[in-house]
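S.K.: based on what follows, work out the 3D shape:
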Amino acid sequence: MWKSLLLGAILGGLAAFIWSSISWELLGWHEKPMLAFQNEDDVATVIQLHTTQSGVYLLPGAPRIEGMTADQKKAAQSTLMAKMQKGPIVFAAIRRNGFGSYACGLIIQFLSLVAAAFLLTWMLLQTSGLSYAGKVIFLAVAGLAASVIVDLPNWNWWGFSGSYTVINLLDSALTWMFAGFVIAKVAKLRAAEVGFAAKS
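M.R.: As a prediction, this is how the structure comes out:
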C-alpha cells in the first residue's frame with residue numbers, strides 16, 4: 001500500500017503540476033475573468049498607506065466588539081450590515097513586499113499537489129471494484145468536489161465572478177482527471193490487502 005501511496009503522490013502530483021502549468025501559462029483562461037483597477041499605481045499606494053502587514057483583508061472590516069455593551073454590539077453589527085449592503089465589498093490577500101521568489105512558489109505548488117495526490121490516492125485505495133475508467137472518474141469528481149467546497153462559497157459570499165468560479169471548477173476536475181490517469185495505474189492494493197478489505 002505504501003508503494004502505491006508514494007507512487008500515486010509523486011507521479012500524480014507531477015501530472016497535476018504539468019497540467020496546472022499548461023492551464024495557467026499556455027491556456028491563460030484563469031486571467032481572462034480577472035479585472036484591473038483604474039489608476040493601478042494610485043490603488044497600490046493607498047494599499048501601502050492603509051495596511052500594516054501582509055495578510056487577508058476585508059472591506060468593510062468586522063468591528064472590534066471586545067468591551068462593547070450589548071446595545072453597542074447591535075449598533076456596530078447594524079452599521080456593518082448597512083456598509084455591506086451598500087458596498088463596495090473587498091476580500092483581498094495582500095503581500096506588501098511583493099511575491100518574492102518565483103522558483104520557491106513553484107516548489108511549494110508542486111509539493112502542495114503531491115500532498116493532494118497522496119490524499120486522493122489514499123481515498124482511491126479505500127474503494128474496490130472500480131474499473132480503470134471508474135477510478136479516473138472517481139478522482140476527477142473528488143477534485144471537482146474540493147473546488148465546489150471552496151469556490152462556490154467564495155462566489156456566494158465574496159463576489160468571485162461566475163466565469164472565474166466556473167473556470168476553477170472545470171480546472172480542478174481536469175487537473176485530477178489527468179492526474180487520475182496516472183494514479184489509477186499505480187494505486188493498486190496487494191492481493192492479501194484486497195482479501196482483508198473484503199472480509200472487513
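S.K.: pLDDT-wise, which helix or strand of this structure ranks last?
M.R.: helix 191-199 (a mean of 44; mean pLDDT, DSSP states H and E).
S.K.: biggest helix in this structure by residues?
M.R.: helix 132-158 (DSSP state H).
S.K.: what sits against the closest residue in space to residue 63 that isn't next to it in sequence?
M.R.: Nearest residue to residue 63, sequence neighbours excluded (CB to CB, 6 or more residues apart in numbering): residue 76, at 3.9 Å. (Each C-beta comes from the backbone N, C-alpha and C, glycine too.) Contacts for residue 76 (CB atoms under 8 Å, 6 or more residues apart in numbering) come out as 63, 65, 68.
S.K.: quick one: secondary structure of residue 76?
M.R.: What DSSP: H, G, I helix; E, B strand; the rest coil gives for residue 76 is helix.
S.K.: in stretch 125-143, what counts as buried?
M.R.: Going by neighbour count (16 or more other CB atoms under 10 Å), the buried part of stretch 125-143 is 125, 135-136, 138-140, 142-143.
S.K.: so for that stretch, mean pLDDT?
M.R.: For stretch 125-143, mean pLDDT is 95.
S.K.: for the longest helix of the chain, name the packing helices and strands.
M.R.: Helices and strands touching helix 132-158, by 3 or more CB pairs under 8 Å, 6 or more residues apart in numbering; DSSP states H and E, are helix 102-125, helix 162-186.
S.K.: in the first one, which residues are buried?
M.R.: Right, the one you point to is helix 102-125. 109-110, 113-114, 116-118, 120-121, 124-125.
S.K.: what lies in contact with that helix?
M.R.: 1, 4-5, 8-14, 16-17, 20, 99, 130, 135, 138-139, 142-143, 176, 179-180, 183-184, 187, 189.
S.K.: remind me which residues of this structure are low pLDDT?
M.R.: 189-200 (pLDDT under 70).
S.K.: break it down into its structural domains.
M.R.: Domains of the chain are assigned by automatic domain parsing as 2-36+101-199, 55-94.
S.K.: single out the most deeply packed of the ones you listed.
M.R.: domain 2-36+101-199 (a mean of 16; mean count of other CB atoms under 10 Å).
S.K.: understood, closing this out.
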